[in-house]
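Asker: Quick check, what structure comes out for this input:
(2 chains)
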Protein chains: 2
Amino acid sequence: MSGYIAVDVGGTRMRAAYFPADSQIPISLKKILTQHPTESAWERLVQLVQSVWPDDKSVIRMGIAVPGPTDPYKGIIFEAPNIPAWKNLPLVYLLKEQFKVPVDLGNDANLAAMGEWKYGAGRGHRNLAYMTVSTGIGGGVILDDRLLLGERGLATEFGHITVQRDGPLCGCGQRGHLEALAAGPAIAKWVINEIDKGATSRLSGNTEINTKMVAEAAKSGDELAVRALERAGTYIGRALADVLHMFNPSIVIIGGGVSQSGNLLMTPMRESMEAHVMDAHYLENLTLTTAALGDDTGLLGALALARHQS
Amino acid sequence: MSGYIAVDVGGTRMRAAYFPADSQIPISLKKILTQHPTESAWERLVQLVQSVWPDDKSVIRMGIAVPGPTDPYKGIIFEAPNIPAWKNLPLVYLLKEQFKVPVDLGNDANLAAMGEWKYGAGRGHRNLAYMTVSTGIGGGVILDDRLLLGERGLATEFGHITVQRDGPLCGCGQRGHLEALAAGPAIAKWVINEIDKGATSRLSGNTEINTKMVAEAAKSGDELAVRALERAGTYIGRALADVLHMFNPSIVIIGGGVSQSGNLLMTPMRESMEAHVMDAHYLENLTLTTAALGDDTGLLGALALARHQS
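Answerer: Predicted structure coming up:
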């Protein structure tokens, strides 16, 4: 028997699994914290992969999803949020040296798009756009059954679509990008500011408000929290209209933690997208839906990448 | 000997040519006006193609570039500016019936991208973005050596990137799109408004001001005209930053009549693009240049399409 190793590296957690050649149900799966007081992220990664490696050593290929900007052609991570030592790291080279199998690397949002396309909500579609909304906002696009990468693998940066010229400062240094207005931290920050300005909410008085708390408050009917998700959904919908104009997909899939707010986010998002689209042809037979693979999307994307290459 | 028929249909002019199988120098080429007092655009098109058809009838395939939104998969024109009778016209079906050869159809901006990629400024690039700036603004993208079309062929509508939320009304019904701020008519309109508001310019007193007059005045140093091109270039540069973030090309090619203003447009465009890009990696080894094929870009794009399909 032979199979694939898939790895999903995040700033908080790393997951790895060994999959049979023809199934997406793993034979072994392990999840560990990325940060450790005495071990480096690289050491943690090597141990993790070793722990899921099959006894008979029959690995065809390894796929690995990493956060942050990467060069998938050269297998280099430019930088990884929360892993400051990984700057211009030739991860594919290092993994090949260590494990002696072919290795493919991809940006986590791109691979999540591949995962949803092959195994999730996007099965059967040839033209797919995936957006993840969590601490940041990322994207991935499949057109004509191929992942769009661009010259250096930097395509489909949905978080950096400008939705409000001269708007708030984005982490990248530009202003008014979607990520600065609608990612998790921006949603929480807006609620905090509104409470400071005197808005009433059951979240008032909390010293730390995060997106999860906002989502829960919204679900239980808190008006300010509902407005916070509506506002984020409206901005995301504007950006999605741009995504339709640029890529003309047949399905748009929304993933990431913030998407778990369900219709409180999805309904204003859909309305805003439809209101901002330039031509009704873009909406014909278009599906807008949430991701199907949950926390495993990166891992299954890494699996899809490895399979796609072999 | 055998070869290809290429056709470029515009609202003002139609061109057709017969090319040998392996050359982009036409054996026969003809250009006529699209509008005629007694003949329909379809009749004009059939006569035009017949006039360049080779005597030995050895045509491998026909490629045709058409303006406006099209479905390249089904060979249908949804609508064509200035040819109101061509609404949901199954042009590929009609041409096949008429001429008994395989026919491929494409949007003119998409095919201009193909033309520049195969024969013009983009030769040798695998990842290319083309923007045409004239009466409207259109786009075409080649990624990984393939033209991006999307589910219905409606991808890469660069004219409808939002550059000024709640800005002026675009022809499509939305607000603040690039086309409404930086296409030829928008440039002329801005100059007219400024003159109305009291700005001095050598164009003052003209009853009709068009983009060509603005470009000429700018070239001879008219300050208002220079500012008009700077303003358009700045908006286009903002949109180009979005194009880089979405497609990560290695070359951006600017075509269309307005691009003939040269550096008066290109310099502010480049500065604005560079100022709005989120990460310097997008600019590394990036070429920004004007189109090389001039008026023949659509025709050569139609040729490239026909060759690409056979």
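
Asker: Am I right that A:Asp8 falls within a strand?
Answerer: Yes - when DSSP: H, G, I helix; E, B strand; the rest coil is applied, A:Asp8 is found to be in a strand.

Asker: how deep is it tucked in, by neighbour count?
Answerer: Residues lying near A:Asp8 (other Cβ atoms under 10 Å in any protein chain shown) number 28. To be clear about C-beta, it is placed using only N, CA and C from the backbone, and glycine gets the same treatment.

Asker: Return the residues in contact with it.
Answerer: Contacts for A:Asp8 (Cβ atoms under 8 Å, 6 or more residues apart in numbering or on different chains) come out as A:Met14, A:Arg15, A:Ala16, A:Ile64, A:Ala65, A:Asp108, A:Leu111, A:Gly298, A:Leu299, A:Gly301, A:Ala302.

Asker: so the fourth one, which of the three states?
Answerer: Right, the one you point to is A:Ile64. Recorded secondary structure, A:Ile64: strand (three-state DSSP).

Asker: what sits against it?
Answerer: A:Ile64 neighbours (Cβ under 8 Å, 6+ apart): A:Ala6, A:Val7, A:Asp8, A:Val9, A:Leu91, A:Val92, A:Leu95, A:Val103, A:Asp104, A:Leu105, A:Gly106, A:Ala302.

Asker: Could you find the closest non-adjacent residue to it?
Answerer: A:Val7 (4.2 Å; Cβ to Cβ, 6 or more residues apart in numbering or on different chains).

Asker: The one you found is in contact with A:Ala16, isn't it?
Answerer: Yes - taking contacts as Cβ atoms under 8 Å, A:Val7 lies within contact range of A:Ala16: 4.6 Å.

Asker: Just give me the neighbour total for the residue in the stretch 1-150 of chain A that chain B sits nearest to.
Answerer: Using Cβ to the nearest Cβ, A:Gly150 is the residue of the stretch 1-150 of chain A that sits closest to chain B, at 2.5 Å. For A:Gly150, the neighbour count with other Cβ under 10 Å is 24.

Asker: any idea of the pLDDT on the nearest residue to A:Gly120 once chain neighbours are set aside?
Answerer: With Cβ to Cβ, 6+ apart as the criterion, A:Gly120 has its nearest non-adjacent residue at 3.8 Å, and that residue is A:Ala292. What the model reports as pLDDT for A:Ala292 is 96.

Asker: what's around A:Ala292, how many residues?
Answerer: Neighbour tally, A:Ala292, other Cβ under 10 Å: 17.

Asker: and the angle from the lengthiest helix in chain A to helix B:223-247?
Answerer: Longest helix in chain A by number of residues (criterion: DSSP state H): helix A:223-247. Here the directions of helix A:223-247 and helix B:223-247 differ by 100 degrees (axes from the mean of the first three to the mean of the last three Cα atoms, to 10 degrees).

Asker: Helix A:223-247 near chain B at all?
Answerer: Yes - Helix A:223-247 comes into contact with chain B (Cβ under 8 Å from any Cβ of the partner chain), by way of A:Arg238, A:Ala241, A:Asp242, A:His245, A:Met246, A:Phe247.

Asker: List the residues that contact the fourth one.
Answerer: With Cβ under 8 Å, 6+ apart as the criterion, the residues that contact A:His245 are A:Val277, A:Met278, A:Tyr282, B:Leu154, B:Ala155, B:Glu157, B:His160, B:Ile161.

Asker: Looking at these, spot the one nearest B:Ala188.
Answerer: Distance to B:Ala188 across those (Cβ to Cβ) is lowest for B:His160, with 20.1 Å.

Asker: just checking, the closest one touches B:Ala180?
Answerer: No - using Cβ under 8 Å, B:His160 is not in contact with B:Ala180, being 9.1 Å away.

Asker: Now for those two: what residues contact both?
Answerer: In contact with both B:His160 and B:Ala180: B:Cys170, using Cβ under 8 Å, 6+ apart.

Asker: Spatially nearest residue to the residue of the stretch 1-150 of chain A closest to chain B (excluding sequence neighbours)?
Answerer: B:Asn248 (2.5 Å).

Asker: could you pull out the helices for the stretch 151-300 of chain A?
Answerer: Under the criterion DSSP state H, counting those that start in this stretch, the stretch 151-300 of chain A carries helices at the ranges A:178-182, A:184-196, A:211-219, A:223-247, A:263-276, A:297-309.

Asker: Write out the residues of the stretch 1-150 of chain A neighbouring chain B.
Answerer: A:Pro69, A:Phe78, A:Arg126, A:Asn127, A:Leu143, A:Asp144, A:Arg146, A:Leu148, A:Leu149, A:Gly150.

Asker: how much space between A:Gly221 and A:Val103?
Answerer: If you measure A:Gly221 against A:Val103 using Cβ to Cβ, to the nearest Å, the figure is 49 Å.

Asker: What of A:Thr200?
Answerer: 53 Å.

Asker: can you redo the helices of the stretch 151-300 of chain A as JSON lines with mean pLDDT?
Answerer: Formatted as JSON lines, the helices of the stretch 151-300 of chain A follow (pLDDT from 0 to 100):
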{"stretch": "helix A:178-182", "mean pLDDT": "95"}
{"stretch": "helix A:184-196", "mean pLDDT": "95"}
{"stretch": "helix A:211-219", "mean pLDDT": "95"}
{"stretch": "helix A:223-247", "mean pLDDT": "97"}
{"stretch": "helix A:263-276", "mean pLDDT": "96"}
{"stretch": "helix A:297-309", "mean pLDDT": "93"}
